[in-house]
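Participant: Have a look at this prediction, sequence included:
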Amino acid sequence: QGQLAESGGGLVQAGASLRLSCVASGRSLSLYTMAWFRQDPGKDREFVAAISGGGGTTDYADSVKGRFTISRDNAKNTVYLQMNSLKPEDTAVYYCAAKYGPTWTSRNGYTSWGQGTQVTVSS
C-alpha cells in the first residue's frame, strides 16, 4: 500500500505558523482521500482536516477551522497542513492518513498512517 512520511513539525511559540508535509510513496495519491489527525499523550486521536482526491472538498475540525488549511499536490504525491495562529492546545503528534477513494465521505475509515511529527506550541 505504500508509505506516508510526515515532516515539518517543531517547537514554536503561540501565534506562530508551521507547515506540515506528508509525502506518499508507492501509490497514486489522486485516488485517495487524505487527512491529518493529531494525538496528545493520554488522549484519543483527534481528526484535524481532510481533503478529497482532487482537492475540491475539504473538512475541518471546529477547533482548527479558520486557522489551518489542508491542501495537496498530486503531482508531487504530497499533502500539506498549513497551521497559522498556533495555540498551546495544538500541541500533539500530527499524523497523515489515507483511505482509498477520491470522494470524501466521512471522518472515519482511514487505513494507512504515517509515523507522525511532533508539534509543540509554547505559551
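Facilitator: Now that the structure is in, tell me what you want to look at. As the structure is a computational prediction, the values presented were derived from the model and not from experiment.

Participant: which regions of this structure sit below the pLDDT cut-off?
Facilitator: Judged by pLDDT under 70, the chain has its weakly predicted residues at 1.

Participant: Could you find the residue nearest the spatial middle of the protein?
Facilitator: The centroid of the chain falls nearest to Trp36 when counting by Cα atoms, centre = their mean (2.4 Å).

Participant: My read is that that one contacts Ala98, right?
Facilitator: No - taking Cβ atoms under 8 Å as the definition, Trp36 is not a contact partner of Ala98, at 10.9 Å. (Glycine included, C-beta is placed from N, CA and C.)

Participant: thinking again about what came up before, contacts only, for the residue nearest to the centre of the chain.
Facilitator: Shown here is Trp36, whose contacts under the criterion Cβ atoms under 8 Å, 6 or more residues apart in numbering are 20, 22, 48-50, 70, 79, 81, 94-97.

Participant: Just the buried ones among those residues, please.
Facilitator: Judged by neighbour count, with 16 or more other Cβ atoms under 10 Å as the criterion, the buried members of the contacts of Trp36 are 20, 22, 48-50, 70, 79, 81, 94-97.

Participant: Let me have the residues you listed in TSV, adding secondary structure and distance to Gly114 as columns.
Facilitator: Written out in TSV, the entries for these read as follows (DSSP: H, G, I helix; E, B strand; the rest coil; distance: Cβ to Cβ, whole Å):
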residue	secondary structure	distance to Gly114
Leu20	strand	10
Cys22	strand	6
Val48	strand	13
Ala49	strand	15
Ala50	strand	15
Ile70	strand	15
Val79	strand	10
Leu81	strand	12
Tyr94	strand	9
Tyr95	strand	6
Cys96	strand	4
Ala97	strand	7
